[in-house]
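Novice: only geometry, no sequence info:
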């Protein structure tokens with residue numbers, strides 16, 4: 001948290017956006033309730049932007065470390081991988097989305113363990129931290145679908161929606177003023193970029209290994225489905241040129257792969273394959289973060 005507050009690695013791209021908006025009056029579209037309430041609480045006790053950063057980061061990391069502690073017996077390794085891959089992106093840069101990701105992890109953990117009331121609470125908290133977490137609602141509908149039919153269904157949906165033109169998409173959502181305004185305020189830049197890149201390869205590789213080896217995910221199927229949904233949204237939004245939204249959803253669920261890979265590494269006979277997947281995933285994502293700074 002102190003690394004984030006003192007910007008040990010330099011200023012990130014979003015720093016000034018958060019800094020100059022701190023303490024300003026906001027509306028429904030650019031300030032989710034929980035970050036806004038935390039901000040007002042910090043201001044009420046005379047705190048500044050640095051205290052706000054510290055508190056948000058501390059909450060986010062505490063929740064995520066709790067998730068790793070309760071999701072894998074290799075929690076120290078999981079935390080170490082997270083710190084060199086996603087920490088510089090999430091806690092260091094994407095403050096609100098980071099806290100939302102943390103509550104999403106708790107939502108999935110409780111959902112996986114059939115603690116429905118707690119899962120519902122954390123689902124609500126994730127959305128109130130960042131509206132993009134509304135995609136978590138989709139996970140509730142696919143929980144009971146077996147993994148192979150789910151992959152087939154999601155592949156068909158992804159291929160179909162990826163062929164929709166940008167103009168047709170914008171026309172379709174224009175009938176809802178709320179959807180249109182949320183889209184305008186949150187879609188990010190429309191840019192052409194390579195859909196197949198090192199980031200998506202590092203995420204797809206473990207999924208392909210799982211399918212190729214015909215492995216049963218045991219108690220990690222919710223995590224795998226969530227990652228697959230993130231991949232699907234990446235290709236759908238990426239095909240529309242919405243780079244920010246594409247990578248947002250890819251990165252939203254990608255940390256779950258740390259737990260999935262470590263889980264298969266501990267029980268699979270093909271340990272070398274999963275070790276290679278872990279090295280590939282860690283090296284690519286840490287390299288991408290280092291390049292961005």
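Specialist: Here it is on my side, so go on. No experiment lies behind these values; they were computed from the predicted model shown. Residues are numbered from 1 along each chain as shown.

Novice: For the stretch 1-150 of the chain, give me the ranges with low pLDDT.
Specialist: Applying pLDDT under 70 to the stretch 1-150 of the chain flags residues 25-30.

Novice: Show me the strands in it, by range?
Specialist: In the stretch 1-150 of the chain, no strands are defined using DSSP state E, counting those that start in this stretch.

Novice: All the helices of it, residue numbers only.
Specialist: Assigned by DSSP state H, counting those that start in this stretch, the helices in the stretch 1-150 of the chain fall at 2-5, 15-21, 33-44, 49-71, 75-85, 95-112, 116-129, 136-142, 147-161.

Novice: closest to residue 167 out of these?
Specialist: Closest to residue 167 of the helices of the stretch 1-150 of the chain, according to CB to CB: helix 147-161, at 14.7 Å. Bear in mind the C-beta positions are built from the backbone N, C-alpha and C, glycine included.

Novice: on that earlier part again, can I get the helices of the stretch 1-150 of the chain in TSV including distance to residue 240 and mean neighbour count?
Specialist: Converted to TSV, those look like this (distance: least, CB to CB, whole Å; neighbours: other CB atoms under 10 Å):
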stretch	distance to residue 240	mean neighbour count
helix 2-5	32	16
helix 15-21	23	13
helix 33-44	27	16
helix 49-71	29	19
helix 75-85	27	18
helix 95-112	20	25
helix 116-129	23	18
helix 136-142	18	15
helix 147-161	9	14
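
Novice: what's the closest of those helices to residue 245?
Specialist: Of all these, helix 95-112 comes closest under CB to CB, at 11.5 Å.

Novice: mind checking how far that closest one is from the chain centre?
Specialist: Distance of helix 95-112 from the chain centroid (CA atoms, centre = their mean, to the nearest Å) equals 8 Å.

Novice: can you check stretch 145-159 too?
Specialist: Distance, centroid of stretch 145-159 to centroid of chain: 20 Å (CA atoms, centre = their mean).

Novice: same question, stretch 277-285
Specialist: Going by CA atoms, centre = their mean, the spacing between the C-alpha centre of stretch 277-285 and its chain's C-alpha centre is 17 Å.

Novice: quick revisit: tabulate the helices of the stretch 1-150 of the chain in JSON lines, adding columns for distance to residue 211.
Specialist: Putting the helices of the stretch 1-150 of the chain into JSON lines (distance: least, CB to CB, whole Å) gives the following:
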{"stretch": "helix 2-5", "distance to residue 211": "37"}
{"stretch": "helix 15-21", "distance to residue 211": "39"}
{"stretch": "helix 33-44", "distance to residue 211": "37"}
{"stretch": "helix 49-71", "distance to residue 211": "22"}
{"stretch": "helix 75-85", "distance to residue 211": "23"}
{"stretch": "helix 95-112", "distance to residue 211": "20"}
{"stretch": "helix 116-129", "distance to residue 211": "27"}
{"stretch": "helix 136-142", "distance to residue 211": "17"}
{"stretch": "helix 147-161", "distance to residue 211": "7"}
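
Novice: and residue 82, what does it touch?
Specialist: By CB atoms under 8 Å, 6 or more residues apart in numbering, the residues touching residue 82 are 64, 68, 255, 258.

Novice: Alright, calling it a day.
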